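# Need coordinates for the below:
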Amino acid sequence: MPTQTATTPLTVVPGPDVQQAFANTFYAPAKLSEAIEDFERQRADAKDALARSLAEDFAVEKPNVAGAITRYQTWETNDKTLVTKIEVCRKLRCIIEEHIEDLKRTRRDEVKAFLQGKLDKLEAERASEEGKERFLQGKIKATQDLLQQLEKPPYAAAAKRKKK
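Residues are numbered from 1 along each chain as shown. Modelled structure (predicted):
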């Protein structure tokens, strides 16, 4: 009589180096988006600073036009540098996103195992945070209860007698 063996699907678990490479790759677009936002914020802040500086320069009777021109030229050079950084970050993000799509097609099982592992870690972290939140909520409730007890007789009456 032939014996049947249970077949379980094999899971390809990438090694630590591959997992780190996947993590670096999959989180790179978000990091580049953060960098773009930071560079855009720097541009806006620099433009505001230039406007305030120019307003101060021209608020006087005899403004220093040469100084204002120099400040503008410096700002313009820095702004062009930031614009270039933003453009390069966007191009890099596209390259990495294409690479991610390629990994999804060519190393599907490894990517799936990596993402499942990451998801498991995040869910465990969330559960831990929820546990901490419940613990703190319990401590808050206990402290509130103690405070309310102090406001009720006989504690409140004793406190009033001591004040007199």
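# From now on I want contacts and neighbour counts done on CA atoms only, so please keep to that.
Noted.
# Spell out which helix or strand contains the residue nearest to the spatial centre of the chain, please.
The centroid of the chain falls nearest to Glu34 when counting by Cα atoms, centre = their mean (8.0 Å). Per DSSP states H and E, Glu34 falls inside helix 16-57.
# Check which element follows that helix along the chain.
helix 65-106.
# Which elements pack onto that next one?
helix 16-57 (3 or more Cα pairs under 8 Å, 6 or more residues apart in numbering; DSSP states H and E).
# and the helix it packs on, how far from the chain's centre?
12 Å (Cα atoms, centre = their mean, to the nearest Å).
# Give me the mean pLDDT for that helix.
With pLDDT averaged residue by residue, helix 16-57 scores 94.
# By residue count, which helix of the protein is the longest?
helix 108-151 (DSSP state H).
# For it, name the packing helices and strands.
helix 16-57.
# Who are the packing partners of the helix it packs on?
helix 65-106, helix 108-151.
# nearest to Pro14, of the ones you listed?
helix 108-151 (5.7 Å; Cα to Cα).
# could you give me the average pLDDT of that closest one?
The model assigns helix 108-151 a mean pLDDT of 85.
# now stretch 64-72
93.
# mind exporting that stretch as PDB, just the C-alpha atoms?
Extracted in PDB, the C-alpha atoms of stretch 64-72 (Å, rounded to 0.1, in the frame of the first residue of the first chain):
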ATOM      1  CA  ASN A  64      22.500  99.100  -0.300                       C
ATOM      2  CA  VAL A  65      21.500  97.900  -3.800                       C
ATOM      3  CA  ALA A  66      24.900  96.200  -4.400                       C
ATOM      4  CA  GLY A  67      24.500  94.200  -1.200                       C
ATOM      5  CA  ALA A  68      21.000  93.200  -2.200                       C
ATOM      6  CA  ILE A  69      22.200  92.100  -5.600                       C
ATOM      7  CA  THR A  70      24.900  90.000  -4.000                       C
ATOM      8  CA  ARG A  71      22.400  88.400  -1.600                       C
ATOM      9  CA  TYR A  72      20.100  87.600  -4.500                       C
END
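# Show residues contacting it.
If you take Cα atoms under 8 Å, 6 or more residues apart in numbering as the criterion, stretch 64-72 is touched by Leu50, Leu54, Asp57, Phe58.
# roughly how far apart are Ala44 and Cys89?
Distance of Ala44 to Cys89, computed by Cα to Cα, to the nearest Å: 18 Å.
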